[in-house]
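In: fold the following.
(one chain, ligands or ions: 1)
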Amino acid sequence: MMETYRPIIWRDHKLFLLDQRLLPQEEKFIEITTLSETARAITDMIVRGAPCIGFTAIFGIALWVKDQDYLDQSLCRKACDEMIAARPTAVNLSFEVNRCFNIMKEHLSQNLSISDLYKKLIDFGELQIHESHEKNTTMAKIGFQELSKTIGSRKWRLMTHCNTGFLACGSLGTALGVISYAHKQGMVEHVIADETRPYMQGTRLTAFELAKENIPYSIAVEGAASFLLSNKKVDAIFVGADRIARNGDTANKVGTSTLAIVAKHYNIPFYVVAPVSSFDTSISDGSLIEIEMRPIAEITELKGVRLAPIHAQAINPSFDVTDHKLITGIICEKGFINPAHKEELYKVVNS
Ligand code: MRU
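Out: The predicted structure follows:
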């Protein structure tokens, strides 16, 4: 069932997005018909999670193409840049949009019709979602083998941060894909899902996905990490990524880096699972990754109810960068990367 339940649906020349802001209380799809609506849906986190943001953007570009009477390269670039500006940290967005731009450029050079280009972009978007299932399954199997090797044949207690399941990745999931696969093999004893403040992706979305698959889980506050890891309640931690630099430094949901530091202290293996579209080998290290600052109301309010005193200030970085030295392994569809081995990442990702 998880393979067919999709947060992004293309039907009758329209894009339908599962409104993730309403989960788990309500499962409602929103209809999107223009590029601006698509970009807004990404900014407002109707759709979220690095891979899903990228897939959604492809359909947004296609919707824009459909509405044009005339196209040239500079108009196409402008539309692509509007889409890329929707959220800055997850590289999947620019990765997919720039691939759309290349398709547009090639099409323009061949002087083909706008309707042909539109169709080509839709097919491209559908293909990326379809292929993500295979890629995520490959990553899940690599993660499973790694756990079998490092922990062995007793059931595993795993921990994750933020949301990396089908809601974020279109199908199966990345870090949560490993957990889901391991559960199907009968190897998961229990999962701890960080609540993931302030947007509560763990409480609202990861718990929703774990429950749908009947995986035993508990939600924990991020501040419990030291207690949980020091008391040997977790065998390994799996997280996703929004952008991975050439040296393995990884931007992911804020709180990931703190968790990795605690994991290192207590010697708990810490894995990053992400598709090749989440790697940015053009940057040498994580200090070059732009970190999105989100509205402070995400901290001072909860579902419209004010928690903090009136006029309270807050600071809301949505991501942080985990030093590659804290990461035991990075798993992508092309293989397992040990970030301690210099240049291994570049070789695997570009193989
Ligand atoms: O801000 P979000 O919810 O779009 O955050 C992205 C994430 O879900 C996580 O950072 C995740 O680990 C990477 S996407 C699988």
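
In: going forward, measure contacts between C-alpha atoms and count neighbours the same way
Out: Will do.

In: residues of the protein that sit close to the ligand?
Out: Selection of the chain residues close to the ligand by Cα under 6 Å from any ligand atom yields 48-50, 162-164, 168-169, 239-242, 252-253.

In: residue boundaries of the helices in the stretch 1-150 of the chain?
Out: 35-43, 50-66, 73-84, 91-109, 114-150 (DSSP state H, counting those that start in this stretch).

In: packing partners of the longest strand that the chain contains?
Out: Using DSSP state E, we find that the single longest strand of the chain is strand 188-194. If contacts are counted by 3 or more Cα pairs under 8 Å, 6 or more residues apart in numbering; DSSP states H and E, strand 188-194 sits against strand 156-160, strand 217-220.

In: list the contacts of the helix or strand following that strand.
Out: Downstream of strand 188-194, the first helix or strand assigned by DSSP states H and E is helix 201. Identification of contacts with helix 201 by Cα atoms under 8 Å, 6 or more residues apart in numbering yields 162, 163, 195.

In: by neighbours, which of these wins?
Out: The most crowded member of the contacts of helix 201, judged by other Cα atoms under 10 Å, is residue 163 (32 neighbours).

In: so it: helix, strand or coil?
Out: What DSSP: H, G, I helix; E, B strand; the rest coil gives for residue 163 is coil.

In: that one against residue 205, yeah?
Out: Yes - between residue 163 and residue 205 there is a contact at 6.3 Å, judged by Cα atoms under 8 Å.

In: and for the two, which residues touch both?
Out: Here residue 163 and residue 205 have no joint contacts, going by Cα under 8 Å, 6+ apart.

In: what's the most buried one of the helices and strands packed on strand 188-194?
Out: Most buried of these, by mean neighbour count (mean count of other Cα atoms under 10 Å): strand 156-160, with a mean of 23.

In: re the thing from before, okay if I get the helices and strands packed on strand 188-194 as CSV plus distance to residue 259 and mean pLDDT?
Out: Converted to CSV, the helices and strands packed on strand 188-194 look like this (distance: least, Cα to Cα, whole Å; pLDDT from 0 to 100):
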stretch, distance to residue 259, mean pLDDT
strand 156-160, 10, 98
strand 217-220, 12, 98
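
In: quick one: closest of these to residue 342.
Out: Closest approach to residue 342 among the helices and strands packed on strand 188-194 (Cα to Cα): strand 156-160, 26.3 Å.

In: partners of that closest one, with directions?
Out: Its sheet considered, strand 156-160 pairs with strand 188-194 (parallel), strand 236-239 (parallel) by DSSP bridges.
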